[in-house]
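Asks: got a predicted structure here, sequence first:
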Amino acid sequence: QVQLVESGGGLVQAGGSLRLSCAASGRTFSMHHMGWFRQAPGKEREFVGALKLSDVSTYYVDSVKGRFTISRDNARNTLYLQMNNLKPEDTAVYYCAAGPGVYTSSRAGYIYWGQGTQVTVSS
């Protein structure tokens, strides 16, 4: 089992920044990739970005490229999502997730999920 706990959400004005954290515990060595998803009210949960734990390669959805950065701190077993130049359309609940198999941006490839943290961007 892997446990994931997100933190760092909040209310920010457009153009501002937030950093989300995802603290992982349990059998984290069994995971191959970790990622961030988000879900806005009335919308499907969508892929934001991910990091392959083996080589630290990162992948992002086009809408956040150049604004969001995923990184990890091995010593703290923590995944981060640095979000800059936030826009109102970034408003959503953000979820951290982890998966054991081949990297994918599909929700199906992630079997462990955090509880989510709310990010609200005001215009």
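Replies: Thanks, I have the structure now. This one's a predicted model, so the numbers in the text were calculated from it and none came from an experiment.
Asks: CA only for contacts and neighbour counts going forward, please
Replies: Fine.
Asks: I'd say Asp119 and Glu89 touch.
Replies: For residue 119 the amino acid is Val, not Asp. No. Judged on CA atoms under 8 Å, Val119 makes no contact with Glu89 at a distance of 10.4 Å.
Asks: which one of those two is surrounded by more residues?
Replies: Shown here are Val119 and Glu89; by other CA atoms under 10 Å, Val119 has more neighbours (22 against 13).
Asks: check contacts around that one.
Replies: Gly9, Gly10, Leu11, Val12, Asp90, Thr91, Ala92, Val93, Tyr94 (CA atoms under 8 Å, 6 or more residues apart in numbering).
Asks: which ChimeraX command selects the buried ones in those residues?
Replies: The buried residues among the contacts of Val119 can be selected in ChimeraX (16 or more other CA atoms under 10 Å) with this line:
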select :9,12,90,91,92,93,94
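Asks: in a markdown table: the contacts of Val119, plus secondary structure.
Replies: Shown next, in a markdown table, are the contacts of Val119 (DSSP: H, G, I helix; E, B strand; the rest coil):
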| residue | secondary structure |
| --- | --- |
| Gly9 | coil |
| Gly10 | strand |
| Leu11 | strand |
| Val12 | strand |
| Asp90 | helix |
| Thr91 | coil |
| Ala92 | strand |
| Val93 | strand |
| Tyr94 | strand |
